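Engineer: using only what follows, build the 3D model:
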Amino acid sequence: MKKALFIGLGNMGSSILSSIKDRFEVLGYDTDSTKAEKLALKKITLEEGIDAADIIIIAIKPQFVTKEFLSSISRKGKNYISICAGIPLEVLEKNIDSGNIARYMPNLAAKEKKAVTAIAFSDGSDEAFRKDAFEIASSFGSAFLLPESEFSAFIGASGSLIAYVLEFIYASSMAACNMGLPYSQAQSIVAGTMESALSLIRDGKVASALIPSICSAKGTTIKGMEALEENGFQNAIYKAVKAAADRSDEIEKDSKERLL
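Structural biologist: This next block holds a predicted model:
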């Protein structure tokens, strides 16, 4: 069984670790040693973990990624996966002496094994590593192989979008509460309706093509759609997705200036 070392045992790192421990022998290191204890992991030094691991998963906060840190964990012949937001492959390849490097961009639902994760690989990554990295990403949700140039768009459409979806659920539930439903019941109804809507497009149907079939002439739904249009709903979503993508581009630019 291959060994995977997690450097960083925060929410995302520990969630992914828990998802793959039946397929990989997992090792963990964090500057806060209590995190390894809570996960029932053997206490090891960073050096011991790197030496033992086949795959090294970098799961620390991006502000703690420095040239010195990347150089200290670099080992020729090792395989690396980074889940550090805003740290592009160019930076990783410059500072880590390995041909096998992958970059993940997961979303918050990793702990529920429902994450949507983008994956990009360094050009030199071999097929065995690509298979392992894709298997790991698929173990905590669904995985999408994308060119790294599309990661900012992915962040707008997934990594950040999950917060907008939660805001939509909250606002809808509060509106229903205002109409007389208890909030907890309203949220359950709204969440169930989100699942209903998703079930309609799982076979590839285009979402917008289904809306006319739900709107009857002079009915309740068309009046609600009219209110959404009047209040700029679609435009607000466009702007939110673009704002997140633009900020991602800025963060990557800053990372390159700092780490190249």
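
Engineer: what is the burial count for the nearest residue to Lys35 once chain neighbours are set aside?
Structural biologist: Spatially, and ignoring its direct neighbours in sequence, Lys35 is nearest to Leu9 (3.9 Å; Cβ to Cβ, 6 or more residues apart in numbering). Every residue, glycine included, has its C-beta placed from N, CA and C. Applying the criterion other Cβ atoms under 10 Å, we find 24 residues in the vicinity of Leu9.

Engineer: Phe168 too?
Structural biologist: 14.

Engineer: again with Ala36
Structural biologist: 19.

Engineer: wait, it sits on Leu9?
Structural biologist: Yes. With contact defined as Cβ atoms under 8 Å, Ala36 and Leu9 form a contacting pair (6.2 Å).

Engineer: shared neighbours, these two?
Structural biologist: Where contact means Cβ atoms under 8 Å, 6 or more residues apart in numbering, the residues bridging Ala36 and Leu9 through contact with each are Gly28, Tyr29, Asp30.

Engineer: just give me the closest of the residues you listed to Ile55.
Structural biologist: If you rank the shared contacts of Ala36 and Leu9 by distance to Ile55 using Cβ to Cβ, Gly28 comes first, at 12.8 Å.

Engineer: all strands for the stretch 51-200 of the chain, in order.
Structural biologist: Listed in chain order, the strands of the stretch 51-200 of the chain (DSSP state E, counting those that start in this stretch) span 55-58, 79-82, 101-105, 115-121, 141-145.

Engineer: what's the angle between the fourth one and strand 101-105?
Structural biologist: Read it as strand 115-121. With axes from the mean of the first three to the mean of the last three Cα atoms, to 10 degrees as the criterion, the two stretches strand 115-121 and strand 101-105 enclose an angle of 150 degrees.

Engineer: Three-state assignment for the residue nearest to Lys35, please.
Structural biologist: What DSSP: H, G, I helix; E, B strand; the rest coil gives for Leu9 is coil.

Engineer: picking up where we left off before, now render the shared contacts of Ala36 and Leu9 as CSV, adding distance to Thr220 and neighbour count.
Structural biologist: Converted to CSV, these look like this (distance: Cβ to Cβ, whole Å; neighbours: other Cβ atoms under 10 Å):
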residue, distance to Thr220, neighbour count
Gly28, 52, 25
Tyr29, 56, 26
Asp30, 52, 21
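
Engineer: out of those, which is nearest to Lys3?
Structural biologist: Among the shared contacts of Ala36 and Leu9, Gly28 lies closest to Lys3 (Cβ to Cβ), at 11.2 Å.

Engineer: confirm that the closest one sits in a helix.
Structural biologist: No. Counting by three-state DSSP, Gly28 is located in no helix; its state is strand.

Engineer: so where is the stretch 151-260 of the chain shaky, pLDDT-wise?
Structural biologist: Across the stretch 151-260 of the chain, no stretch falls below the confidence threshold (pLDDT under 70).

Engineer: what are the ranges of the helices in it?
Structural biologist: 151-154, 161-178, 183-201, 207-214, 220-230, 233-259 (DSSP state H, counting those that start in this stretch).

Engineer: quickly compare the ones you listed and say which is most buried.
Structural biologist: Each of those was assessed for mean neighbour count using mean count of other Cβ atoms under 10 Å. The highest is helix 151-154, with a mean of 22.

Engineer: and the chain, what are its domains?
Structural biologist: 3-148, 159-248 (automatic domain parsing).

Engineer: Arg258: which of these is closest?
Structural biologist: If you check each of the domains of the chain against Arg258 by Cβ to Cβ, domain 3-148 wins as the nearest, at 8.2 Å.

Engineer: pLDDT on that closest one, on average?
Structural biologist: Per-residue confidence for domain 3-148 averages out to 96 on the pLDDT scale.

Engineer: what is the end-to-end distance of it?
Structural biologist: This stretch, domain 3-148, spans 26 Å end to end (Cα to Cα, to the nearest Å).

Engineer: for stretch 90-101, same thing?
Structural biologist: Distances were taken as Cα to Cα; on that basis the terminal residues of stretch 90-101 are 10 Å apart.

Engineer: again, but for stretch 214-227
Structural biologist: The distance separating the two terminal residues of stretch 214-227, taken as Cα to Cα, comes to 16 Å.
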